[in-house]
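Visitor: sharing a model prediction with you, sequence too.
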Amino acid sequence: MARNVVNENVKIISDMKSRMDDILLAISWREMARNYFGKSPSWFYHKMNGIDGNGGKGGFTEQEAETLRNALLDLSSRLQSAASKILPDSDEKIVEEP
């Protein structure tokens, strides 16, 4: 199974879905498509599945893969920031419920 296809000197990554297997159900790919790519969810899902809009071979270009990488790093940073807000600082008081 070819993971990367070279087409007119453009490297295409066609197995992104399998690369994202560990987080596939944890991410809103719809929001990823809109917020980071400015594209429709169907465009993004076609890319993830390694097909083009006509049902042929497709996938992410290296530039699109870098955009996805940066989007995941941004999301990771935002998750870490949110997680740090869960437990209060030592100066804050924890209110116990009766």
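Guide: Nice, I can see it. Numbers count the residues shown, from 1 in each chain.
Visitor: so Lys17: helix, strand or coil?
Guide: Following DSSP: H, G, I helix; E, B strand; the rest coil, Lys17 is assigned to helix.
Visitor: tell me if I'm right that it and Ile51 touch.
Guide: No. The criterion here is CB atoms under 8 Å, and Lys17 misses it with Ile51 at 10.5 Å. Heads up, the C-betas are built off the backbone N, CA and C, glycines and all.
Visitor: list the buried residues for the helix ranked longest in the chain?
Guide: In the chain, taking DSSP state H as the definition, the longest helix is helix 62-84. Residues of helix 62-84 classed as buried under the neighbour-count rule (16 or more other CB atoms under 10 Å) are 64-65, 67-68, 71, 75.
Visitor: low-scoring stretches of this protein, by residue?
Guide: Along the chain, the model assigns pLDDT under 70 to residues 1-8, 88, 90-95.
Visitor: can you list the buried residues of helix 62-84 in a markdown table and add distance to Ile12?
Guide: What follows is the buried residues of helix 62-84, written out as a markdown table (distance: CB to CB, whole Å):
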| residue | distance to Ile12 |
| --- | --- |
| Glu64 | 9 |
| Ala65 | 9 |
| Thr67 | 14 |
| Leu68 | 13 |
| Ala71 | 19 |
| Leu75 | 24 |
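Visitor: before we move on, back to that, residues making contact with the longest helix of the chain?
Guide: With contact meaning CB atoms under 8 Å, 6 or more residues apart in numbering, helix 62-84 is reached by 10-11, 13, 16, 27, 32, 35-37, 47, 60.
Visitor: and if we set it to 10 Å?
Guide: 4, 10-13, 16, 19-20, 23, 27-28, 31-33, 35-39, 44, 47-48, 59-61 (CB atoms under 10 Å, 6 or more residues apart in numbering).
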